[in-house]
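Asker: Structural data only, the sequence is not supplied:
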């Protein structure tokens, strides 16, 4: 992970870390899904099913994305030293989304052409990511495991370099692991109402696998407000072969709740701390999510998040979430009263 990170970071140039992460992570994603596609295509040929190698259903039924020729990693690498490489990558990502319905809204849109990373730096970055195969062999790991680890490692490094802004899409792994150990999400529905790049879901799956549980026993629901982060989450789940419902689009959980009837068995979340002006004074005052409670204040969303999560729990459901310290003892704007009502 460190070797790849050092190589990739050297090529960033003047591009902001917050922008550069979308370039790096979507290239890792493209390399990964392309390799899986090529392996499945070869398996079809080896089984004497040559006539099916360009039929999309023969890939999707095995949880593999179908990639038309101009969207494959080998094609991108072939043209990596040409000046139009950014446009070629944008076109490849657009084609992949169009061909695979489950990736709708998951990939960056015209990002490479728009950001203007120098062609030589982009070519060198492609070469760096192309080395993942070699590293996987050296580490005696499957590429799937390595790519998942690299994706997670890069998210953490980008979050650290972005400081406070990084917390909007990434919760430290140790915190997420603790939540998973406390809640033990073996069976049922898992929900994160502000899922960032999807770390809570990934850790839940890791928990299940490390305790010999069955991944098929859980279903995943989430929502994310920021469009670029929503894309990171969809890619993060797809890399690990996790299917989840993150809503049709990125959207505000309070104003565009995409899982209105959900009753979850486990809720894991790290909502934005002390979010100000999340609603106007007159908005959402009669919302069913806080029926029976004092309406959470417009100046701070902490208690709106708590009540939102309470409303989503099944009868025997449990929730674990991270909040700012002050929310445990605050008595302003009716927050102390809400706490009393909850108890």
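Answerer: Looks like it came in fine. Predicted, not measured: the structure shown is a model, and the values here were computed from it.

Asker: can you give me the helices in the stretch 151-300 of the chain?
Answerer: Under the criterion DSSP state H, counting those that start in this stretch, the stretch 151-300 of the chain contains helices at 173-183, 199-210, 227-239.

Asker: Now render these as a markdown table, adding mean neighbour count.
Answerer: (Each C-beta comes from the backbone N, C-alpha and C, glycine too.) Formatted as a markdown table, those follow (neighbours: other CB atoms under 10 Å):
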| stretch | mean neighbour count |
| --- | --- |
| helix 173-183 | 16 |
| helix 199-210 | 22 |
| helix 227-239 | 23 |
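
Asker: Tell me which residues touch residue 214, please.
Answerer: Counting by CB atoms under 8 Å, 6 or more residues apart in numbering, residue 214 makes contact with residue 208.

Asker: tell me which residues in stretch 63-82 are buried?
Answerer: Across stretch 63-82, burial judged by 16 or more other CB atoms under 10 Å covers 64, 65, 66, 67, 71, 72, 73, 75, 76, 77, 79, 80.

Asker: neighbouring contacts of that stretch?
Answerer: 30-31, 33-38, 40, 56, 59-60, 85, 88-89, 91-93, 95-96, 99-100, 102-103, 119, 122-123, 126-127, 130, 238, 241.

Asker: and if you look at stretch 111-122?
Answerer: Under the contact criterion CB under 8 Å, 6+ apart, stretch 111-122 has outside partners 11-13, 15, 19-20, 22-23, 26, 80-83, 85-87, 89-90, 125.

Asker: In ChimeraX, how would I select just the buried ones from those residues?
Answerer: To isolate in ChimeraX the members of these that are buried, counting by 16+ other CB under 10 Å, one can use:
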select :11,12,15,20,22,23,26,80,85,86,89,90,125
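
Asker: contacting residues around the residue nearest the centre of the chain?
Answerer: Nearest residue to the geometric centre of the chain (CA atoms, centre = their mean): residue 233, 1.2 Å. Taking CB under 8 Å, 6+ apart as the criterion, residue 233 is in contact with 195, 196, 197, 198, 201, 222, 224, 246.

Asker: Look up phi and psi at the fourth one.
Answerer: Backbone torsions for residue 198, taken as degrees, to the nearest 10, come to phi 90, psi 20.

Asker: which residues touch it?
Answerer: Per CB under 8 Å, 6+ apart, neighbours of residue 198: 192, 222, 232, 233, 234, 236, 237, 244, 246.

Asker: excluding its backbone neighbours, what's nearest residue 218?
Answerer: residue 190 (5.7 Å; CB to CB, 6 or more residues apart in numbering).

Asker: before we move on, the earlier item: out of the helices of the stretch 151-300 of the chain, which comes closest to residue 262?
Answerer: For residue 262, the closest of the helices of the stretch 151-300 of the chain is helix 199-210, at 14.7 Å, according to CB to CB.

Asker: For the closest one, what is the distance to the chain centroid?
Answerer: How far helix 199-210 lies from its chain's middle: 13 Å, per CA atoms, centre = their mean, to the nearest Å.

Asker: pLDDT averaged over it, what's the number?
Answerer: What helix 199-210 shows for mean pLDDT is 95.

Asker: packing partners for that helix?
Answerer: With contacts taken as 3 or more CB pairs under 8 Å, 6 or more residues apart in numbering; DSSP states H and E, helix 199-210 sits against helix 143-162, helix 173-183, strand 188-192, strand 218-222, helix 227-239, strand 264-269.

Asker: Now do the fifth one and helix 143-162, the angle between them.
Answerer: What that stands for is helix 227-239. With axes from the mean of the first three to the mean of the last three CA atoms, to 10 degrees applied, the angle from helix 227-239 to helix 143-162 works out at 160 degrees.

Asker: how much does helix 227-239 deviate in direction from strand 188-192?
Answerer: Using the same axes, to 10 degrees: helix 227-239 against strand 188-192 is 150 degrees.

Asker: and helix 227-239, how far out from the chain's middle?
Answerer: Counting by CA atoms, centre = their mean, helix 227-239 comes out at 3 Å from the chain centroid.

Asker: Let me know the average pLDDT across it.
Answerer: 95.

Asker: Please apply the same query to the first one.
Answerer: The average of the pLDDT scores along helix 143-162 is 90.

Asker: How about residues contacting it?
Answerer: Residues outside helix 143-162 that contact it (CB under 8 Å, 6+ apart) are 1, 4-5, 8-9, 17-18, 20-21, 24-25, 28-29, 31-32, 35-36, 132-133, 135-136, 139, 166-167, 169-170, 172-173, 197, 199, 202, 232, 235-236, 239-241.
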